[in-house]
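In: What would the 3D arrangement of this be:
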Amino acid sequence: MATLKDLSRKTNKIRDDIDELINRSVVNLTIEVLKQLVNTTPIDEGTAISNWQISLTGPIRTVIPTYVLGSQGSTKNIVIANTIGQAVGILAARRPGQVIYLGNALPYIAELNRGSSKQAPAGFIDAAFMRARLAQDYLRLSYG
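Out: Residues are numbered from 1 along each chain as shown. The predicted structure is shown next:
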C-alpha cells in the first residue's frame with residue numbers, strides 16, 4: 001500500500017522531470033535563436049558574430065575580440081562554431097528557472113540591425129528570433 005510519503009516522493013520526481021524538460025526546451029530555444037543570429041549577422045572580421053554572448057549572471061556588457069580574425073567573412077564558419085560552442089558550454093550550467101541573457105554589446109550592432117550592411121536586411125535580429133520560434137514550433141508539431 002502506498003503511503004503519503006511515497007506519493008510525495010513520486011510527485012516531487014514528476015515535478016523535477018517537468019522542470020528539467022522545460023529547462024532543456026528553454027536552452028534549445030536559446031541555442032536556436034543564437035544559431036539564427038550568428039548565421040544572419042553581417043561579417044567582415046568576425047567581431048559582430050563573436051559578440052553574440054550568453055550569460056546566466058546578468059546582461060551582456062562586455063565586448064570581446066573576435067574568436068578568429070578574418071577579412072571579408074573568411075573565418076565565418078569557425079567564428080560561428082566558436083560562438084555557439086561558448087554558449088553551449090555556459091548553457092550546460094543553467095538550472096531550471098534561471099534567467100538566460102543573450103546579447104551583443106558592440107556599439108554598432110544596432111546600426112547593423114538597421115540595415116547598414118548589404119549582407120543583412122534591416123531587422124535581422126527580430127527576424128532571427130521569429131525564425132527560431134517557428135523552428136521550435138515545427139519541431140514540436142513534427143515530433144510532438
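
In: where does the nearest residue to Arg61 once chain neighbours are set aside land in three-state SS?
Out: Closest residue to Arg61 in three dimensions, ignoring its sequence neighbours and counting by Cβ to Cβ, 6 or more residues apart in numbering: Ala105, at 5.5 Å. Where you see a C-beta, it was placed from the backbone N, CA and C, and this is true even at glycine. Look at Ala105: counting by DSSP: H, G, I helix; E, B strand; the rest coil, its state is coil.

In: Return the backbone torsion pair for Ala105.
Out: Dihedral angles phi and psi of Ala105 (degrees, to the nearest 10) take the values phi -90, psi 10.

In: Would you map the helices across this structure?
Out: 4-40, 47-50, 76-91, 109-113, 124-143 (DSSP state H).

In: Run through who's touching the third one.
Out: The set of residues that contact helix 76-91 without belonging to it, under Cβ atoms under 8 Å, 6 or more residues apart in numbering, is 27, 30-31, 34-35, 38-39, 43, 46, 49-50, 52-56, 66-68, 70, 100.
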